[in-house]
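J.: What would the 3D arrangement of this be:
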Amino acid sequence: MKSNMSHPFGPVPRRVVLTLAALSAVLVFTSHASAADPGKIVVQVDKPGAQISPNFYGLMTEEINYSYDGGLYGELIQNRIFKNAPRGARGRRGGDGDTAPAPAPTIPHWSVVNSDGAQGTISLDTTDPINTNALTTSLKLNIASVDAGGRVGVANDGYWGIPARPNTTYHASFYAKGSDGFAGPLTVDIESNDGKTVLASATVSKITGQWKKYSVTLKTRQLEASVSNHFVISAATKGAVNFNLVSLFPPTYKNRPNGDRVDISQLLAGQKPTFLRFPGGNYVEGNDYANRWDWPRTIGPLEERPGHMSPWGYRSTDGMGLLEFLGWCEDLKMEPVLAVFAAYTLNGQSYPDEYARFVQEALDEIEYITGDVHTKWGAQRAKDGHPAPFKLTYVEIGNEDPAGGRGGQPATYAQRFPLFYNAIKTKYPNLQVISTVRSGFGDRTPDVIDEHYYMGFNSALNNAHMYDNRSRTNSAGAPLPRIFVGEWATQTPPRAATPKMADAVGDAAFLTGLERNADLVIMSCYAPLFVNINPGGQQWATDLIGYNALTSFGSPSYYVQKMFYNNKGDVVLPISLTPQLAPAVLVPAATDAPPAAGRGRGRGPSAPAQTMFASSSRDKATGDVILKVVNAVETPQQVQISLQGAPKIGKKARMEVLAGALTDLNSIAEPMKVAPKSSTIDASADFVREFPGNSVTVIRFSTK
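T.: Now for the predicted structure:
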């Protein structure tokens, strides 16, 4: 479900926050457990249950919080084809914050650099487009005068600064053409914002009077990493020069052209995700027809990609296009989970006269991903640089389509879903089709249903049991669709840009419930994934990974995901948990807000009925028994662990523990304030272990 909230750039879709726990009153549980009377966890090692899907844990992504542009996508230049709308009387700016007023409207993220005594101006020029669909507007620099040794140029401030790292090679490119007698040379550099320090520089010796692409390499030397820099193209002679598609790339992950940031990619790779749900989220729908995920406009050369407005109030370059998403999957060894545009936009409009067209566009998109080079779209993918097809198993029809309609518009998913389902199953019978609603999908039954849950702390604990008693079959005994928990998170007020330890504990409790019910739940992914933590960079809280232009960090919830992803196991082991705890008491009695109507719901009483959670699985490759335990109270809890039916348990076990105060946050300044600690512990088939307060623990027992 979505609603609109006020935003300076217009209506912005808002996900439903299901239930909220007040963190202004710190959560403190009381308990009377003691070492003499511990609780008990019993794992039945010799009675394996449901198989855990190989794709159980993955990533969900969309363009929100500057996730791609200004985030994962490596491009450092903001407004590179000059399509961002001019805004007011502003000086040089970073994101949405102004640093100084200017006497006239400016071109976002671009400004003039003049040395003393030199004069120049910039303007937008549409008189000589490079092409008619994307590079239609250029930046014109008019140089009126330059004293000897001086310069006039254009500067770009990037996404809250241009990062400069020591001993690093950057690749810059741009289209340019000279006029009014200008023939070059041009100096291209990265320099400090005050212009006093040039960090890397290169020269283009000659510029012609026709549009031409120029490329240079910029290399920094030993220096202190910084972000208070801008990118400058300047000249020392009079005349005029136009620019378009100005680009600057640092080294990318696995050196992929037009690729991704290395540090963020390394954080993701550490999770070992198995799938990527893309391109959204709201991003697949767009606020209106013109700004939907129009995938054919995101492939091919960057020169042919016009970009579009994302639903979150800023422009997307579409540099992160369909093939780049697939390359991201390839780099991290993930399988794509494709959401197709389902003829419905966030302004509540559906397009019945064009249903057939959008169904065909979805089939074409699937062919682009999976078709061989003898198909139309497989050949296009090969032309774009990737002859080999990609594996695809799951296709989702739309995103969060409201079963009851929206904004006075009637519900149409029941009419649209069967059209997509029939067409996809006819051409691709082995594909699994995902519905975005639990009911109201018409006369075709989906293979999988996508459910979304955003929860407060208490609700996350209660929702650890939400699937325990969910029906697996209908009244006739036929299997019901399996579940994909495609968006979920614990979001405890006051919500920060990234999750705090309280959120991580709630997340871990919820995940134990998903693992225990792996016969029903086949995939899950946290959302949102990314946030640029600079002022103006965030539209939604909370988010798993935070970053600025220079560095990134994982939240406590990120480390929970990493611990669970890396210790998934292949088969569920039955587990019982009977801690000898007094009933949980909230001090003071903070409560979650009432559940909101919509996709997900808060379940159970406001105060959680349980404060310790566990799940267990077995890794077939190693034989390890994996135990995950969440202590959601402040007091350490002693628990007797009994591994029943195991022919052998090693004397030593490997353990990871994530613990901290409920309000603890990671940040740029303290990226590892909350992080797992690994150790080796004594173990046996029956022993007592104390679990720290507010903690998440993973123990791997050897059976060899």
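J.: What are the boundaries of the strands in the stretch 101-250 of the chain?
T.: Secondary structure of the stretch 101-250 of the chain (DSSP state E, counting those that start in this stretch): strands at 105-106, 110-114, 119-125, 138-145, 152-156, 169-179, 186-192, 198-204, 212-219, 229-235, 239-249.
J.: meant to ask about the stretch 401-550 of the chain, not that
T.: Under DSSP E, counting those that start in this stretch, the stretch 401-550 of the chain gives strands at 432-435, 448-455, 482-490, 521-524, 530-532, 545-547.
J.: strand partners of the third one, parallel vs antiparallel please.
T.: Right, the one you point to is strand 482-490. Next to strand 482-490 in the sheet, as set by DSSP bridges, lie strand 448-455 (parallel), strand 521-524 (parallel).
J.: related to what we said a few turns ago, with distance to residue 442 as extra columns, can I get the strands of the stretch 101-250 of the chain in JSON lines?
T.: Where you see a C-beta, it was placed from the backbone N, CA and C, and this is true even at glycine. Shown next, in JSON lines, are these (distance: least, Cβ to Cβ, whole Å):
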{"stretch": "strand 105-106", "distance to residue 442": "49"}
{"stretch": "strand 110-114", "distance to residue 442": "49"}
{"stretch": "strand 119-125", "distance to residue 442": "48"}
{"stretch": "strand 138-145", "distance to residue 442": "48"}
{"stretch": "strand 152-156", "distance to residue 442": "49"}
{"stretch": "strand 169-179", "distance to residue 442": "49"}
{"stretch": "strand 186-192", "distance to residue 442": "55"}
{"stretch": "strand 198-204", "distance to residue 442": "58"}
{"stretch": "strand 212-219", "distance to residue 442": "50"}
{"stretch": "strand 229-235", "distance to residue 442": "52"}
{"stretch": "strand 239-249", "distance to residue 442": "44"}
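J.: where among those strands is the average confidence lowest?
T.: Mean pLDDT values for the strands of the stretch 101-250 of the chain show the minimum at strand 105-106, a mean of 72.
J.: Relative to residue 674, which of the strands of the stretch 101-250 of the chain is closest?
T.: strand 229-235 (31.0 Å; Cβ to Cβ).
J.: Specify the angle between the closest one and strand 212-219 in degrees.
T.: Orientation of strand 229-235 against strand 212-219 (axes from the mean of the first three to the mean of the last three Cα atoms, to 10 degrees) gives an angle of 130 degrees.
J.: Can you say which of the strands of the stretch 401-550 of the chain is nearest to residue 270?
T.: Closest among the strands of the stretch 401-550 of the chain, using Cβ to Cβ: strand 545-547, at 10.7 Å.
J.: So which elements touch whatever helix or strand comes next after the closest one?
T.: On the C-terminal side of strand 545-547, the closest following helix or strand by DSSP states H and E is strand 552-554. With contacts taken as 3 or more Cβ pairs under 8 Å, 6 or more residues apart in numbering; DSSP states H and E, strand 552-554 sits against helix 262-271, strand 545-547.
J.: I'd like the next helix or strand past strand 552-554.
T.: Next along from strand 552-554, by DSSP H and E: helix 556-565.
J.: Measure how far that following helix is from the centre of its chain, please.
T.: 15 Å (Cα atoms, centre = their mean, to the nearest Å).
J.: Just the residues contacting that helix, thanks.
T.: The contact list for helix 556-565 (Cβ atoms under 8 Å, 6 or more residues apart in numbering) reads 57, 267, 270-273, 489-490, 498-501, 503-504, 507-508, 511, 515, 526, 542, 544-545, 554, 628, 656, 658, 660, 664-666, 674-676, 696, 698.
J.: Render the CA-only coordinates of it in CSV, please.
T.: The C-alpha coordinates for helix 556-565 follow below in CSV (Å, rounded to 0.1, in the frame of the first residue of the first chain):
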residue,chain,number,x,y,z
PRO,A,556,23.5,-3.5,12.9
SER,A,557,20.7,-5.0,10.8
TYR,A,558,23.2,-5.5,7.9
TYR,A,559,25.3,-7.7,10.2
VAL,A,560,22.2,-9.6,11.2
GLN,A,561,21.5,-10.3,7.5
LYS,A,562,25.1,-11.2,6.9
MET,A,563,25.1,-13.7,9.9
PHE,A,564,21.9,-15.3,8.7
TYR,A,565,22.8,-15.3,5.0
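J.: any weak-confidence spans in the stretch 251-400 of the chain?
T.: Applying pLDDT under 70 to the stretch 251-400 of the chain flags no residue at all.
J.: Do a quick rundown of the helices in it.
T.: Secondary structure of the stretch 251-400 of the chain (DSSP state H, counting those that start in this stretch): helices at 262-271, 282-285, 322-331, 355-370, 376-383.
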